[in-house]
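K.L.:
quick one, what's the 3D model for this:
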Amino acid sequence: MEITFLPNRLNKKAVVYNSMTFAEIGIICILFGLAGSIFGLLVMLFTGLGFYVIFIGMFGFCFIGLKVGGSIVASIKRGKPDSYFERLVALKFKPQLFVTKHQNWSKKRSPKVPIYTQKSSQKEKSNE
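P.N.:
Modelled structure (predicted):
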């Protein structure tokens with residue numbers, strides 16, 4: 001059995017909504033949902049409305065996050081590799097998993113180091 005073509009998009013994550021994958025939608029919904037629940041809690045405490053205000057704030061902020069956050073994520077991902085956004089989020093939360101060493105590189109040659117061979121070390125011992 002011969003494979004006539006090699007699919008190159010087999011492991012590519014599917015775009016679900018507004019140029020975001022499922023993982024990116026989850027990240028945005030969690031972040032905006034937490035912000036909405038905090039906002040709903042503050043509204044509940046200051047206005048005396050019921051407990052349902054927290055859920056309304058959470059779902060409202062998730063909806064706004066999907067609309068606004070989708071365009072922000074799309075602008076971040078534009079022209080980058082497929083897994084760029086997930087790697088960027090992982091770098092922000094767990095930088096110890098990445099090699100992040102910054103140093104200056106020089107184009108100059110290093111100073112000459114004398115090369116000691118076995119013959120030269122034997123000559124030094126015989127001179128002593």
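K.L.:
which residue, other than its chain neighbours, is closest to residue 60?
P.N.:
If you skip the residues right next to it in sequence, residue 60 has residue 36 as its closest partner in space, 5.9 Å away by C-beta to C-beta, 6 or more residues apart in numbering. Every C-beta, even on glycine, is put in place using the N, C-alpha and C of the backbone.
K.L.:
cool, residue 38 as well?
P.N.:
By the measure of C-beta to C-beta, 6+ apart, the closest residue to residue 38 outside its immediate chain neighbours is residue 57, 8.0 Å from it.
K.L.:
what helix or strand does that neighbour sit in?
P.N.:
Using DSSP states H and E, the secondary-structure element containing residue 57 is helix 52-77.
K.L.:
list the buried residues in whichever helix or strand comes after that helix.
P.N.:
Under the assignment DSSP H and E, the closest C-terminal helix or strand after helix 52-77 is helix 84-93. Judged by neighbour count using 16 or more other C-beta atoms under 10 Å, the buried positions of helix 84-93 are residue 85.
K.L.:
I would like the residues contacting helix 84-93, please.
P.N.:
Counting contacts by C-beta atoms under 8 Å, 6 or more residues apart in numbering, the residues outside helix 84-93 that touch it are 23-24, 27, 73, 76-77, 97-98, 100.
K.L.:
go again with 7 Å.
P.N.:
The list of residues contacting helix 84-93 from outside it, by C-beta atoms under 7 Å, 6 or more residues apart in numbering, reads 23-24, 27, 73, 76-77, 97-98.
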